[in-house]
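Peer 1: for reference, the sequence and a predicted model appear below.
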Amino acid sequence: PSQCGLFCCQNYPLYIRSVPTENELKFHYTVHTSLDVVDEKISAMGKALVDQRELYLGLLYPTEDYKVYGYVTNSKVKFVMVVDSSNTALRDNEIRSMFRKLHNSYTDIMCNPFYNPGDRIHSRAFDTMVNSMMMQVC
């Protein structure tokens, strides 16, 4: 099982997808609680985050069942990914490249003149990309 979430700088969800959908509420809780850890990491990095180009926050925290990873864009949009902790084949650089893919797709959405920044994301292309990425993880 895995979940992907995109959040605005004010921590409201722009996009949340979970595969499979049976424990969706539990995943939503996990993603929302991880935003506090993202904020802590951003404030701890402070100026260093602005200076460096690496936006990947790494493993935010592990639980018994899941590992929660984070990424933040220059515009403070937060990406959170929850993956099953039993998936030992997934390496840090693979998670990093998945976040880059998400960031590129998010950038494509932001370039759409019909998308209003801050609105929930309703894009078939973005859904397809996220679903294919999540199928790799599961």
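Peer 2: Noted; the coordinates are in hand.
Peer 1: do you have the strands of this protein handy? List them.
Peer 2: Along the chain, the segments classed as strands by DSSP state E run 2-7, 13-19, 56-62, 66-72, 78-84.
Peer 1: nearest to residue 123, out of the ones you listed?
Peer 2: strand 13-19 (8.7 Å; CB to CB). Every residue, glycine included, has its C-beta placed from N, CA and C.
Peer 1: got phi/psi on the residue nearest to residue 39 when sequence neighbours are not counted?
Peer 2: Nearest non-adjacent residue to residue 39, counting by CB to CB, 6 or more residues apart in numbering: residue 11, 8.0 Å away. Backbone dihedrals for residue 11, given as degrees, to the nearest 10, come out at phi 70, psi 30.
Peer 1: roughly how far apart are residue 11 and residue 133?
Peer 2: 23 Å (CB to CB, to the nearest Å).
Peer 1: neighbour count for these two, which is higher?
Peer 2: residue 133 (20 against 13; other CB atoms under 10 Å).
Peer 1: and the more buried one, how far is that from residue 124?
Peer 2: 15 Å.
Peer 1: what is the residue lying closest to residue 66 once chain neighbours are set aside paired to in the beta sheet?
Peer 2: Using CB to CB, 6+ apart and skipping residues adjacent in sequence, the residue nearest residue 66 is residue 82, 5.1 Å away. The residues listed as beta-bridge partners of residue 82 by DSSP bridges are residue 3, residue 68.
Peer 1: isn't residue 82 up against residue 30?
Peer 2: Yes - here residue 82 reaches residue 30: they are 5.5 Å apart, a contact under CB atoms under 8 Å.
Peer 1: quick one, which of those two is more surrounded?
Peer 2: For residue 82 versus residue 30, the count of surrounding residues by other CB under 10 Å is larger for residue 82: 24 against 20.
Peer 1: quick one, the helix of greatest length in the chain and strand 78-84 angle?
Peer 2: Criterion DSSP state H: the longest helix present in the chain is helix 24-45. Relative orientation of helix 24-45 versus strand 78-84 (axes from the mean of the first three to the mean of the last three CA atoms, to 10 degrees): 130 degrees.
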